[in-house]
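>>> sharing a model prediction with you, sequence too.
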Amino acid sequence: MFSLGWGSQRRPLASMEPMTAPDPLLTFTTLSCYPPDMSRVIEAKCECAALPDLAVVPMGGDDLDIRVFATLNPVREHGDTRWWLYLSSCTACCQNWLIAQEERIFDDYFLKRLSVAEADQIVASARWPEEFRTYERVLTVGHALSNPCRFFDPLDASLVWTVHDLRKERPAMTSEEIAQLIGSTSADVELMLATNAP
Ligand SMILES: [Zn+2]
């Protein structure tokens, strides 16, 4: 349903509006402040310091997402099958964040504070931290920090996509485990597994 391809977000984000360049390298060199420029920290006007190292930022609601993402610029997106995952850098304080954009089950952003070395590994070697590398992990973090959405339709397409993705990611995952992660029942998960993903 969702791709991080520039301009394809279901919800336009203030932080991503300047991101018109499709080339991540161009993005990196022109818009991010990675590697850090410590002289700018003094002038930092951003939410980074107020966030915990592993943070949840709801989409919409009290507009925390607008405040947080006002200074975050995407540096690299993982792409491939991990469409939810990208690296952003704060233009105000140069903090790097690993971000999972979860808009199927929780409608939240999950942010993990990264060291310069960790961000370096992503940019230089395409080596991403373990956190958020699987969708199961993203949803597990979601349950620790947030609450899943309530779906009017228990077989909503977002649920069906997620059920199939989770099973593909870890074929031994049980219906009960999947149900717990997406806030459903194992009976509905069985139904969704029996249907083709829309
Ligand atoms: Zn910041």
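Done, it's in.
>>> all contacts plus neighbour counts: C-alpha atoms, from now on.
Noted.
>>> what packs against the helix or strand where Val141 lies?
Using DSSP states H and E, Val141 sits within helix 135-145. Contacts defined by 3 or more C-alpha pairs under 8 Å, 6 or more residues apart in numbering; DSSP states H and E place helix 135-145 against strand 54-58, strand 108-114, helix 157-169, helix 175-182.
>>> winner for burial among the ones you listed?
Highest mean neighbour count of the helices and strands packed on helix 135-145: strand 108-114, a mean of 22 (counted as mean count of other C-alpha atoms under 10 Å).
>>> what packs against it?
Applying 3+ C-alpha pairs under 8 Å, 6+ apart, one finds that strand 108-114 makes contact with strand 54-58, strand 96-102, helix 135-145.
>>> let's see it at 10 Å
Using 3 or more C-alpha pairs under 10 Å, 6 or more residues apart in numbering; DSSP states H and E, the elements in contact with strand 108-114 are strand 54-58, strand 82-90, strand 96-102, helix 135-145.
>>> can you tell me the strand partners of that strand and which way each runs?
Note on strand 108-114: by DSSP bridges, its sheet partners are strand 54-58 (antiparallel), strand 96-102 (antiparallel).
>>> of all those, which lies closest to the ion?
strand 96-102 (8.2 Å; C-alpha to the ion).
>>> let's have the strands paired with strand 108-114 in JSON lines, adding mean pLDDT and distance to Thr162.
Converted to JSON lines, the strands paired with strand 108-114 look like this (pLDDT from 0 to 100; distance: least, C-alpha to C-alpha, whole Å):
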{"stretch": "strand 54-58", "mean pLDDT": "96", "distance to Thr162": "19"}
{"stretch": "strand 96-102", "mean pLDDT": "97", "distance to Thr162": "11"}
